[in-house]
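Chemist: Fold the following.
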Amino acid sequence: MKRFLPLCAVVALFAVGCSTPDARIKRNPELFQSLPPEIQENVRQGRIDIGYPQAAVRIALGAPNREYTRRTAETTVSVWAYTAERVSYERQRADARVRVYDAQGRRRTVTDWVWVDVERRHEYDRMRVEFTGDTVTAIEMTER
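Modeler: Below you'll find the predicted structure:
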């Protein structure tokens, strides 16, 4: 067990390290160096803007959680969606079988209702990035 814990720590650090712009820059140094200096600075901080190439977005934000394709009469647009999750709790009444002791000290099972908190996870698109060809043409962000 003692040997297993350091291995878990290394795997966890590797997984976290892969999710930062710095880690993605280290994996793609040539691609990063090919970007103009003003784009490099934004990418290093995890920011993107209109006109950036797909490669810059992938380094700045990582791989998208979802990819969509929108076709119109004029063009085809690729849309990358980056998601987040919010958690809410809903209180609900539920029937439960409960063991109790009666006045004589005997144990018995009764059915009664109790209040329970039910966790609900809601995934939503926090950002959508639209590409025409290889270039960012629109950015949508939620304000949460």
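
Chemist: number of nearby residues for the nearest residue to residue 111 once chain neighbours are set aside?
Modeler: Distances taken as CB to CB, 6 or more residues apart in numbering put residue 97 closest to residue 111, at 5.5 Å, once the chain neighbours are dropped. Any C-beta I mention is one placed from the backbone N, CA and C, and that applies to glycine too. Using other CB atoms under 10 Å, residue 97 has 8 neighbouring residues.

Chemist: How about residue 57?
Modeler: That count, for residue 57 with other CB under 10 Å as the rule, works out to 22.

Chemist: dump the residue contacts of it.
Modeler: Residues counted as contacts of residue 57 (CB atoms under 8 Å, 6 or more residues apart in numbering) are 48, 80, 129, 136.

Chemist: quick one, phi psi at it?
Modeler: Main-chain torsions, residue 57, degrees, to the nearest 10: phi -70, psi -40.

Chemist: Please spell out the segments of this structure that come in under the pLDDT threshold.
Modeler: 1-18, 144 (pLDDT under 70).

Chemist: Which secondary structure state is assigned to the residue of the chain positioned farthest from its centre?
Modeler: Distance from the centre of the chain peaks at residue 104, with 55.7 Å (CA atoms, centre = their mean). Secondary structure for residue 104, judged by DSSP: H, G, I helix; E, B strand; the rest coil, is coil.

Chemist: May I see the buried residues of stretch 30-50?
Modeler: 32, 35, 39, 40, 42, 43, 48 (16 or more other CB atoms under 10 Å).

Chemist: No more questions from me, cheers.
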